[in-house]
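Trainee: Next comes the sequence, and after it the predicted model I'd like to discuss.
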Amino acid sequence: MAELNPCGIVIFGASGDLAHIKIFPALYSLWDEGFFPKDFFITGFARTKMDDNQFRKTIHDSINIHCRKKPVDAKHFKDFSKHIHYLSSNYDDIKSYKSLKTFIEAKSAEYSMPKNFIFYLSTPPSVYESIVDGIENSGLVSDNYKGDGFSRIVVEKPFGCDYDSAKKLNDKILSVFQEKQVYRIDHYLGKETVQNILAFRFANAIFEPVWNNKYIDHIQISALESIGVGLRGGYFNNAGIIRDMMQNHMIQLLSLVATEPPAFFDAEDLRNEKIKLLKSIRRFTINDVKNYVVRGQYDRGIVDDDEEAVSYREEKGIPIDSITDTYVALKLFIDNYRWAGVPFYIRSGKRIKKHKTEIAIYFKKLPYSLFGKNSIEKIEQNVITITIQPNEGISLKIGAKSPGFKMEIDPVELSFFYKSSFKGTPPEAYERLLYDIMEGDQTLFYRTDNMLTAWKLITDIINGWKSLPAPSFPNYESGSWGPKEADDLINKDGRTWHNEI
């Protein structure tokens, strides 16, 4: 990784939690490791009234808490913070954007650097369009910058709430920025293990030849959390797990584990393969939604061994009659040569027994057992488990003879974990993604067609739910593995969820 080009970063919503918990700690780590150029500046843009010094104090406190490099030396932070500035502004006030333009162009001149500007939308989605309008109408993205710098925009999920709203937002952004300037960020794609899915598949000769329907029985993708909605109730009740997790994180994990190898490992080739994969996913009819999709909402229960958890409807800001989903499980098929007939079981939920995000690849059962009492039913399937969190790593379950005089076959695991196998601490997801944004590498970011095709799939499910009666919520206890109907979804196929602890 080389030193980055000089640039100015404008963070809209800079006084909010995302900026303080994720963005600024990541920027500080990149600077601390020497990746930042000598000349750069960061400008916060938000409604909260503060001056530069007050803002820098809030950033210092957040970095001390959330940065992986602790503690932060006061003098060291001062060297970093002198590049940080703050503008108290309104998102719908054109004067604020003109003031911003004047400020950042003056800073570029002060540093004798090209007009390299990154606009990061760390705000509620409700103000995205106002910000894009302000950027356009103030001339922050101008033809005058061609050949003398770059302009890039970073958009946080959710990218809309269904296909139509996502397309409307996307059309708005693309009326001001070109596709090559747009970075739709999903922090999951910055995680080391997620990136290693491709390395695991395509850098090892023993796996890719069996990565198909001839050898694989089914694949499970799980993103489960033991926590509830917490302080995100207002946002979550409008989104549900289907929009918060399925449309972005889960579909991205699916595309990485199932995509064809690209001609070259670059942004366009990889995203070309992803869109082919996403277009191959069988669309959901209303009958499919009824039979292959399960939604749930958590009730009271016991979590973390002895802590009592309230039900979703008792969380702060949640209506007592809410039918918002806090759990979704679905079964889907990919209609292409590699995956024809292989079911993919995908689930995500809150207040689940164990916090984990993983992909479990189940290989087909043996056609015959040579070992007498060790019948086919008793010999467990080979399983590759890619653990994304909390303990990043990859394991392979195989059958081996247990010690003793008899030929008894028991499952054992061959595994590695990032913390023990690689020296040093890997960069946080936001560090990697912010570096790529400044570098101009779009490999780990959504392209328009990828995002809209994923929304088509999820919108089919959302529209199907509107035509079907809602379940009797709540329908699973906090601290359980989810609704009984989710077990039925996979059990009726003679399979079980990968619930190993």
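Mentor: Great, that's in hand. Given the structure is predicted, the values throughout are model-derived calculations rather than measurements.
Trainee: Only C-alpha atoms, please: export the helix-or-strand element of the chain with minimal mean pLDDT in CSV.
Mentor: Lowest by mean pLDDT, DSSP states H and E among the helices and strands of the chain is helix 418-421, with a mean of 76. C-alpha atoms of helix 418-421 as CSV (Å, rounded to 0.1, in the frame of the first residue of the first chain):
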residue,chain,number,x,y,z
TYR,A,418,-6.5,-15.0,11.5
LYS,A,419,-5.4,-13.9,15.0
SER,A,420,-3.1,-16.9,15.5
SER,A,421,-2.0,-17.5,11.9
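Trainee: Okay, buried residues for that helix please.
Mentor: Using 16 or more other CB atoms under 10 Å as the test for burial, helix 418-421 gives residue 418. (Each C-beta comes from the backbone N, C-alpha and C, glycine too.)
Trainee: need the contact list for residue 416.
Mentor: For residue 416, the contact set (CB atoms under 8 Å, 6 or more residues apart in numbering) comprises 393, 394, 395.
Trainee: Show me what it is bridged to.
Mentor: Under the criterion DSSP bridges, residue 416 forms beta bridges with residue 394.
Trainee: just to revisit the earlier point, closest one of the contacts of residue 416 to residue 22?
Mentor: residue 393 (23.3 Å; CB to CB).
Trainee: thought that closest one was touching residue 413?
Mentor: No - counting by CB atoms under 8 Å, residue 413 is not a contact partner of residue 393; they are 10.5 Å apart.
Trainee: low-confidence ranges in the stretch 1-150 of the chain?
Mentor: Counting by pLDDT under 70, the stretch 1-150 of the chain has low-confidence residues at 1-3, 69-70, 142-148.
Trainee: so where do the helices sit in it?
Mentor: 17-18, 24-32, 52-66, 74-81, 94-110, 128-137 (DSSP state H, counting those that start in this stretch).
Trainee: Kindly report the same for the stretch 151-300 of the chain.
Mentor: 163-174, 192-202, 233-241, 251-258, 267-280, 286-292.
Trainee: Can I get those in CSV including distance to residue 93?
Mentor: CSV is the format used below for the helices of the stretch 151-300 of the chain (distance: least, CB to CB, whole Å):
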stretch, distance to residue 93
helix 163-174, 19
helix 192-202, 39
helix 233-241, 24
helix 251-258, 36
helix 267-280, 35
helix 286-292, 44
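Trainee: Deepest-packed of those helices, please.
Mentor: helix 251-258 (a mean of 23; mean count of other CB atoms under 10 Å).
Trainee: same for that helix, what does it pack against?
Mentor: When contacts are defined as 3 or more CB pairs under 8 Å, 6 or more residues apart in numbering; DSSP states H and E, helix 251-258 packs onto helix 192-202, strand 216-224, helix 267-280, strand 343-349, strand 356-363, helix 448-467.
Trainee: can you list contacts of that helix?
Mentor: In contact with helix 251-258 (CB under 8 Å, 6+ apart) are residues 186, 188-189, 194, 197-198, 201, 219, 221, 223, 274, 277-278, 281, 334, 338-339, 344, 346, 359, 361, 386, 388, 450, 454, 457-458.
Trainee: One more pass at 7 Å, please.
Mentor: 186, 188-189, 194, 197-198, 219, 221, 274, 277-278, 334, 339, 344, 346, 359, 454 (CB atoms under 7 Å, 6 or more residues apart in numbering).
Trainee: try stretch 285-304
Mentor: 226, 228, 308-312, 324-331, 349-351, 461, 464-465, 467-468, 471, 473-480, 482-483, 485-486, 489.
Trainee: mind checking how far it is from the chain centre?
Mentor: Chain-centre distance of stretch 285-304: 21 Å, with CA atoms, centre = their mean, to the nearest Å.
Trainee: Give me the mean pLDDT for that stretch.
Mentor: What stretch 285-304 shows for mean pLDDT is 96.
Trainee: and the end-to-end length of that stretch?
Mentor: Taking CA to CA, to the nearest Å, stretch 285-304 runs 39 Å from one end to the other.
Trainee: Repeat that for stretch 382-396.
Mentor: Using CA to CA, one end of stretch 382-396 lies 7 Å from the other.
Trainee: What of stretch 196-212?
Mentor: 19 Å.
Trainee: now swap in stretch 358-368 and tell me
Mentor: 30 Å.
Trainee: what do you get for stretch 387-396?
Mentor: 11 Å.
Trainee: Can you give me the buried ones in that stretch?
Mentor: 387, 388, 392, 393, 394, 395, 396.
Trainee: With distance to residue 404 and pLDDT as extra columns, can I get these in JSON lines?
Mentor: Listed next are the buried residues of stretch 387-396 as JSON lines, based on distance: CB to CB, whole Å; pLDDT from 0 to 100:
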{"residue": "387", "distance to residue 404": "31", "pLDDT": "93"}
{"residue": "388", "distance to residue 404": "37", "pLDDT": "91"}
{"residue": "392", "distance to residue 404": "35", "pLDDT": "86"}
{"residue": "393", "distance to residue 404": "30", "pLDDT": "88"}
{"residue": "394", "distance to residue 404": "30", "pLDDT": "92"}
{"residue": "395", "distance to residue 404": "25", "pLDDT": "93"}
{"residue": "396", "distance to residue 404": "24", "pLDDT": "94"}
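Trainee: between those residues, which is closest to residue 93?
Mentor: Using CB to CB, the buried residues of stretch 387-396 come closest to residue 93 at residue 388, 41.3 Å.
Trainee: So that closest one: helix, strand or coil?
Mentor: strand (DSSP: H, G, I helix; E, B strand; the rest coil).
Trainee: Write down the beta-bridge partners of the residue lying closest to it once chain neighbours are set aside, one by one.
Mentor: Leaving aside its chain neighbours, residue 388 sits nearest to residue 357 (4.2 Å; criterion: CB to CB, 6 or more residues apart in numbering). Applying DSSP bridges to residue 357 gives these bridge partners: residue 223, residue 389.
Trainee: what's the answer for the one 5 residues further on, then?
Mentor: According to DSSP bridges, residue 218, residue 383 are recorded as the beta-bridge partners of residue 362.
Trainee: residues in contact with it?
Mentor: Per CB under 7 Å, 6+ apart, neighbours of residue 362: 217, 218, 381, 383.
Trainee: what about the second one, how many neighbours?
Mentor: Residues lying near residue 218 (other CB atoms under 10 Å) number 19.
Trainee: distance of it from residue 67?
Mentor: Distance, residue 218 to residue 67, by CB to CB, to the nearest Å: 40 Å.
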